[in-house]
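[1] could you work out the structure for the sequence below:
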Amino acid sequence: VMIDHRGALNTVVDVNERFGVGADDRVLALSSLSFDLSVYDVFGPLAVGGAVVIPEAKSQRDPAAWYDLVTKADVTIWNSVPALMELFVEHLGVREATGSLRLVLLSGDWIPVTLPDRIREALDGPAVISLGGATEASIWSIMYPVGQVPSSWTSIPYGRPMRNQTFHVLDDALRPRPTGVPGQLYIGGIGVARGYLRDEARTAAGFIVHPETGERLYRTGDLGRFLPSGEIEFLGRED
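    As a prediction, the model looks like this:
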């Protein structure tokens, strides 16, 4: 994927400014450098003078080692797929809670509806943020700060578009879907990549120009719908 550096920078700056990330913050880098979540692990803190705390290779999937690093290095920001945080929370059930984490960023998969409250209870109330998007749109394009989760919810909302980005729920004719009606999710704005390197066929299939608005969009292959509150609900893959 050929990502314009302005798109990646926009995402990093939006998260940093929105949540006050600065020189005193430290991020625990759990994601492999081949996984797109590592983009924020590296450039998020370093862009503002913060630090990256990197586990040894043998500790990449060891919650006991994560705990030691979080406590000893005063890690303040966690960024991972939900499954790794769930593993960490389960480990904390047999360890003394650590209060250094102030911000938990979760993306890349479904967030269990019970997980945000478990995180806040185990980690002394950090902010829990759901993020989503696609590598083809600079990794993150949509965000939802997770507050109280009503017992009636079956999923955590996908959220609203991030700064300088757009999210659309469209039908097969690229017309906007009404609130509550499922459709295909498209991403627009500064984060949309230039295309796939040396693959014109995939680029033409995945990246389009909307015939009415002229906006360049990426077709995610995901389904979603607008909620009455204005947030988008993620409904899964088309396939």
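[2] just the buried positions in the longest helix seen in the chain, please.
    When the chain is parsed with DSSP state H, its longest helix is helix 5-18. Buried positions in helix 5-18, judged by neighbour count with 16 or more other Cβ atoms under 10 Å: 7, 8, 10, 11, 12, 13, 14, 15, 16. Where C-beta positions appear, they are placed from N, C-alpha and C, glycine not excepted.
[3] elements contacting it?
    helix 38-46 (3 or more Cβ pairs under 8 Å, 6 or more residues apart in numbering; DSSP states H and E).
[4] go through the helix it packs on and flag the buried ones.
    For helix 38-46, the neighbour count (16+ other Cβ under 10 Å) marks 38, 39, 40, 41, 42, 43, 44, 45 as buried.
[5] so what's the fourth one closest to, chain neighbours aside?
    Spelled out, it's residue 41. Leaving aside its chain neighbours, residue 41 sits nearest to residue 29 (4.1 Å; criterion: Cβ to Cβ, 6 or more residues apart in numbering).
[6] go on, the second one?
    For residue 39, ignoring the flanking residues on the chain, the nearest one in space by Cβ to Cβ, 6+ apart is residue 139 at 5.7 Å.
[7] one more: the fifth one?
    Sequence neighbours aside, residue 52 is the residue nearest to residue 42 in space, at 6.1 Å (criterion: Cβ to Cβ, 6+ apart).
[8] quick one, what contacts the one you found?
    By Cβ atoms under 8 Å, 6 or more residues apart in numbering, residue 52 lies in contact with 26, 27, 29, 41, 42, 45, 46.
[9] try it again with 10 Å
    26, 27, 28, 29, 38, 41, 42, 43, 44, 45, 46, 75 (Cβ atoms under 10 Å, 6 or more residues apart in numbering).
[10] perfect, that will be all.
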